[in-house]
Every structure is written in C-alpha cells, then in structure tokens.
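[1] quick one: sequence plus predicted model below, questions after.
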Amino acid sequence: MRVLALDIGERRVGVAGGDTASGVALPVATIETSGGQLADLPAFRRLVEDHGPKLLVVGLPLSLDGTEGAQAVRVRKVAGRLAERTGLPVVYQDERLTSVEAKRSLRQAGCTEREMRGKIDRVAASLILRAYFEAASRQKGKLEEHRDMVR
C-alpha cells in the first residue's frame, strides 16, 4: 500500500512517500504554504495523483511531555481538511525531534545551512514515515487494519 507522510509546518510541508510492503520511506518534496491551505494547492493535489496513496501519515507535534499544544491542534485541523478533500484516511505519528534529527543528518551529509532550508522538512517527513512503519511492524495487524480500512 502506498503511503504519503506529511510534516506540516506553518510555512512549509515536507512530504515523504513509501510503501508498506517494503517499509522504505523516501523524501519526496517540500511544499511552500501559508495558512494551512495545503489541500487546495495544486502541488499537493499533483503529489496525491502521482503517488496514489491509500493513507496519509501526518506528523503530530507533541510537546516533550507528550501533551498536545496549539501546534498539534493546528495540524489536526489541516489534516482534517486534507482527509475531507482527498477522501484518504489520516493517521497521526509522533514527530517529536524529527526536524532536529533531519538537520543533524543533513549536516553529517555535508549540507550547509542554506542547502538545508528546502530539505529539512521532507527529510523530517521521511523520518515520520519510517517511525510509522517501525511502530506498525511492532504492532502486528496494524498495517492490515489500515489496508482493510482503505479498500
């Protein structure tokens, strides 16, 4: 099953793609946005058409103590609009520290701060998707449940 993961920020949305069969998550794109109108952007609609996902995994920005704050509420609102407009189910994945990890990974790969600007969000999205795949493999049946849900 094809899956798209989203790291929804205030100005940019990182997108990663993957497949539940392989469990591989790859950075796909960074979409510039404002006001959370992602569902209405042609770039996002094109990604959905091109990749044909059956599920959207959305990074949920929890605080370090695991509670949801204003950012999480905003992300849930944007994701709700995406689900309505695309007809795709949405699941949430804890995204704590994924941007920090993405930045560290890009720095280790030799990227400068300037080069990182467009890449951090999509790399963070791939980390969110990888975490989802890992969690799903630990919880037998979760992927099958999602496959049944989208058929």
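    Great, that's in hand.
[2] got the buried residues for stretch 78-87?
    78, 79, 82, 86 (16 or more other C-beta atoms under 10 Å). Glycine gets a C-beta too; all of them are placed from N, C-alpha and C.
[3] what's the mean pLDDT across that stretch?
    The predicted model assigns stretch 78-87 a mean pLDDT of 91.
[4] hey, C-alpha coordinates of that stretch in PDB?
    The C-alpha trace of stretch 78-87 is given here as PDB (Å, rounded to 0.1, in the frame of the first residue of the first chain):
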ATOM      1  CA  VAL A  78      -5.100  20.900   8.400                       C
ATOM      2  CA  ALA A  79      -5.100  17.100   8.400                       C
ATOM      3  CA  GLY A  80      -8.900  17.000   8.800                       C
ATOM      4  CA  ARG A  81      -9.300  19.300   5.700                       C
ATOM      5  CA  LEU A  82      -6.900  17.000   3.800                       C
ATOM      6  CA  ALA A  83      -8.900  13.900   4.700                       C
ATOM      7  CA  GLU A  84     -12.100  15.700   3.600                       C
ATOM      8  CA  ARG A  85     -10.700  16.900   0.300                       C
ATOM      9  CA  THR A  86      -8.800  13.800  -0.700                       C
ATOM     10  CA  GLY A  87     -11.000  11.100   0.800                       C
END
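[5] for it, the distance to its chain's centre please.
    In terms of C-alpha atoms, centre = their mean, to the nearest Å, the centre of stretch 78-87 is set 14 Å apart from its chain centre.
[6] contact partners of stretch 57-71?
    3-8, 72, 75-76, 79, 82, 90-96, 98, 124-125, 128-129, 132 (C-beta atoms under 8 Å, 6 or more residues apart in numbering).
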